[in-house]
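S.K.: Sequence plus the predicted model coming up.
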Amino acid sequence: MKLTITQQAKIPKKLFSELLKKLPPIPEENVELLLTNNEEIHAINKQYRNIDRPTDVLSFAERESPSPDPKFLGQIIISLDRAQEQADELNQSLEEELRFLFVHGLLHILGYDHEKPEDEKVMLKEAYRILGRKNH
């Protein structure tokens, strides 16, 4: 799968592209990642979700668009500001938090959700598998 990254900082593409190899087989070949700041993700969150605050990650599944491109999986948007705040709170590296947020966004695009506790368990289990972490 091809990964296109638009970013405001220099984060190595390899940090994310290696995670794509751990996905189950899917027909789409391309995914886009935008690494941005709190201000931009706030505006996107307000425009598309009517939520007037910044968030850590947003994802938009191409499959849900009116005329989907069968080769495009979707777009993941991550706030580098929020990722750094969360990494500091969790006492982990920015890179580890970015990897988790990227996988979280990917799983949403693939149809996973965490509205119900049982769905959250399934989603986290798959996230940890892709990340190579043990379940907590």
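M.R.: Perfect, I can see it now.

S.K.: Can you tell me what sits against stretch 123-132?
M.R.: Residues from elsewhere that reach stretch 123-132 (Cβ atoms under 8 Å, 6 or more residues apart in numbering): 19, 22-23, 99-100, 103-104, 106-107, 112-114, 134-136. No exception for glycine: its C-beta is placed from N, CA and C like everyone else's.

S.K.: buried ones in that stretch?
M.R.: For stretch 123-132, a neighbour-count test (16 or more other Cβ atoms under 10 Å) marks M123, L124, E126, A127, I130, L131 as buried.

S.K.: Over to stretch 35-49?
M.R.: Under the neighbour-count criterion of 16+ other Cβ under 10 Å, stretch 35-49 has L35, T36, N38, I41, H42, I44, N45 buried.

S.K.: Next: stretch 110-121.
M.R.: Neighbour-count burial for stretch 110-121 flags L110, Y112, H114 (criterion: 16+ other Cβ under 10 Å).

S.K.: Please export the C-alpha coordinates of it as PDB.
M.R.: Taking Å, rounded to 0.1, in the frame of the first residue of the first chain, the C-alpha atoms of stretch 110-121 are listed here in PDB:
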ATOM      1  CA  LEU A 110     -11.600   0.000   8.000                       C
ATOM      2  CA  GLY A 111     -14.900   0.000  10.000                       C
ATOM      3  CA  TYR A 112     -13.800  -0.400  13.600                       C
ATOM      4  CA  ASP A 113     -15.400   1.700  16.300                       C
ATOM      5  CA  HIS A 114     -15.200   2.200  20.000                       C
ATOM      6  CA  GLU A 115     -18.600   3.500  21.000                       C
ATOM      7  CA  LYS A 116     -19.500   0.400  23.000                       C
ATOM      8  CA  PRO A 117     -17.000  -1.200  25.500                       C
ATOM      9  CA  GLU A 118     -17.000  -4.500  23.600                       C
ATOM     10  CA  ASP A 119     -16.300  -2.800  20.300                       C
ATOM     11  CA  GLU A 120     -13.500  -0.800  22.000                       C
ATOM     12  CA  LYS A 121     -11.900  -4.100  23.200                       C
END
